[in-house]
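Visitor: give me coordinates for this.
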Amino acid sequence: MRPPDDLPITAVRGLRVGHAEGPGGTTGVTVLRFDRPAPTVVRILGGASATYDTGSLGPDATFGRRWAIFFAGGSLFGLDAARGVRDALEASGAGHRVFGHPARLAPVTGAALFDLPPSGGRRPDYTRLGSRAARAASRRAPREGRVGAGAGATVGKYLGRAHAAPGGVGAVAQGIGRIGSVGVLVAVNAVGAVREPATGRWLAGARVDGRIAAPDPGARAVRAPRGAPRGTTLAAVVTDVPVGRAALARIALLAAGGLARTVVPVFTATDGDVVFASATRERSRPPGEAYPGGLADRIGTAAAELVGRAAARAVAPEPR
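Guide: Coordinates of the predicted model:
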């Protein structure tokens, strides 16, 4: 059940969300699609990220606007989804001309998580999945759980994959007074366990004898057999408040703090953890601030709380 104040992420103005799964439903793509190009920044936090076109998303970027953010399974193979997302956007009339060239471009960005099966096997066409997810994007409340980019996700791989629990996608939003709204979508495929920040209760993690074995905070926190565990938590924060890139950088930082309270361990050497922050700028003008940066603090603090709630929804056992 959603807390009373929680809204679907598509309550954020100017945002649509879509999913697509591959054959067998073991991997997929999730797309956050904007009605117009949105200022976007990124914080790459894990030591083993797989990202697409993030180099121009710094706070001082000249062309740091994107028409969509995609999350994909498939590790580096999943980054092929970018072409499908971009093609679907341009086919629908999205995009803009640059430097006077007649061709329309719809820049997108995204990241992939590691859900490759140990046995190998044929990989799906992530370009096609990206196109399907972008075309499926709507303003309806998106499905959550083991769908889209979270279809093959697992959590709690610190005792080895055999002890891991299902991961998934979760998304939630809330209003921020009268100034607008902020939403968070996460794809949880973590090495670590997921806990409820408010209570510290473990929600998902490595299971031994039917119970969650909490991660050891010391030297044995990650002790998977047969090499390093691989995992990723991807998060996107979207607000419809018209904030600038410096504010978005602060919002992404605060949201990352929420992720650190939720996933343990997190941001490790073998994680691909990434946080994006975007503004659809659908509200008419930014409200006043009580102090410089106060608006970013307000939105980012809300986003940090939403990260925990979205992650809890991602790993909940009931499909939604």
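
Visitor: neighbours of P197, just the number please.
Guide: 18 (other CB atoms under 10 Å). For glycine as for every other residue, the C-beta is placed from the backbone atoms N, C-alpha and C.

Visitor: by contact count, what packs against the longest helix along the chain?
Guide: Longest helix in the chain by number of residues (criterion: DSSP state H): helix 294-315. Applying 3 or more CB pairs under 8 Å, 6 or more residues apart in numbering; DSSP states H and E, one finds that helix 294-315 contacts strand 168-176, strand 180-189, strand 193-195, strand 202-204, strand 232-239, helix 245-262.

Visitor: buried residues in it, which are they?
Guide: Neighbour-count burial for helix 294-315 flags 295-315 (criterion: 16 or more other CB atoms under 10 Å).

Visitor: for this protein, where's the lowest mean pLDDT among helices and strands?
Guide: Counting by mean pLDDT, DSSP states H and E, the chain has its least confident helix or strand at strand 96-97, which shows a mean of 84.

Visitor: and for the following helix or strand past that one, what's in contact with it?
Guide: Reading on from strand 96-97 to the C-terminus, the next helix or strand found by DSSP states H and E is strand 104-105. Strand 104-105 is contacted by residues E90, A94, G95, H96, R97, V98 when judged by CB atoms under 8 Å, 6 or more residues apart in numbering.

Visitor: count of residues packed around the first one?
Guide: In this case it means E90. The burial count for E90: 15, using other CB under 10 Å.

Visitor: touching, it and A106? I think so.
Guide: Yes - look at E90 against A106 with CB atoms under 8 Å: they come within range, at 5.0 Å.

Visitor: if we can go back for a sec, reformat the helices and strands packed on helix 294-315 as a markdown table; add mean pLDDT.
Guide: Shown next, in a markdown table, are the helices and strands packed on helix 294-315 (pLDDT from 0 to 100):
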| stretch | mean pLDDT |
| --- | --- |
| strand 168-176 | 97 |
| strand 180-189 | 97 |
| strand 193-195 | 95 |
| strand 202-204 | 94 |
| strand 232-239 | 97 |
| helix 245-262 | 96 |
